[in-house]
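Novice: Provided below for reference: sequence and predicted model.
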Amino acid sequence: MSSLTDPAGAPTRRQRWLSILAKAPAERLEALWHALGTVPDYSILRRPEIGLVMVKGRVSGSGSAFCAGEMTATRAAVRLTTGEVGFGYVGGRSPRQAELIAAIDALGQRPEWQERLEGAVIAPLVTEAEARRRLLASRSAATKVEFFTVAREAGT
């Protein structure tokens, strides 16, 4: 069992949040951060760094793993003045976004901030991501082509 999952194997709140934050548009994340108002100060432990990560895939989604290639990623780490350490990873070249993710991750470790972050940052991002997914699905559905075959019996 991973330290990021609960005993039932479900992702922890922190893992779910980091996944949502990493996929959020940078401009939207910045706007939600500013809407939080006054937040505790933090210091940068690891300044945002841009590098490459290996992307792995699986044959048929569940078969043996293979290396699909590399992708650019940015990471950062911060520490709140109260001691909590947060980490931020994001695909692409976005130093500010990685820093914001790390700051939100650190704040999310403080019990008094968890519900506020869930309502003011995470919930809107989930709603917007679902809307984008539905829009993409509807656009894809419009291009769907139905194929059928006619079977012929030999012999008569």
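Specialist: Okay, I see it. Note that the structure is a prediction, hence the values are computed from the model and not measured. Numbering: from 1, shown residues only.

Novice: what about residue 141, distance to residue 131?
Specialist: 16 Å (Cβ to Cβ, to the nearest Å). C-beta here means a position set from N, CA and C on the backbone, and glycine is covered the same way.

Novice: Mind checking what helix or strand follows whichever strand or helix holds residue 79 in sequence?
Specialist: Per DSSP states H and E, residue 79 falls inside strand 65-80. Proceeding N to C from strand 65-80, the next assigned helix or strand is strand 85-91, under DSSP H and E.

Novice: Which strands border that following strand, and is each parallel or antiparallel?
Specialist: Taking DSSP bridges as the criterion, strand 85-91 forms sheet pairs with strand 65-80 (antiparallel).

Novice: Show the average pLDDT along the strand it pairs with.
Specialist: The pLDDT scores in strand 65-80 average 95.

Novice: Using the three-state scheme, assign residue 145.
Specialist: Secondary structure assignment for residue 145 (DSSP: H, G, I helix; E, B strand; the rest coil): coil.

Novice: burial count for it?
Specialist: 4 (other Cβ atoms under 10 Å).

Novice: packing partners for the helix or strand of the chain with the lowest mean pLDDT?
Specialist: Every helix and strand of the chain was ranked by mean pLDDT, DSSP states H and E. The lowest is helix 123-141, at a mean of 90. Packing partners of helix 123-141 (3 or more Cβ pairs under 8 Å, 6 or more residues apart in numbering; DSSP states H and E): helix 13-23, helix 26-35.

Novice: Show me the contact partners of that helix.
Specialist: 20, 21, 23, 24, 28, 29, 32 (Cβ atoms under 8 Å, 6 or more residues apart in numbering).
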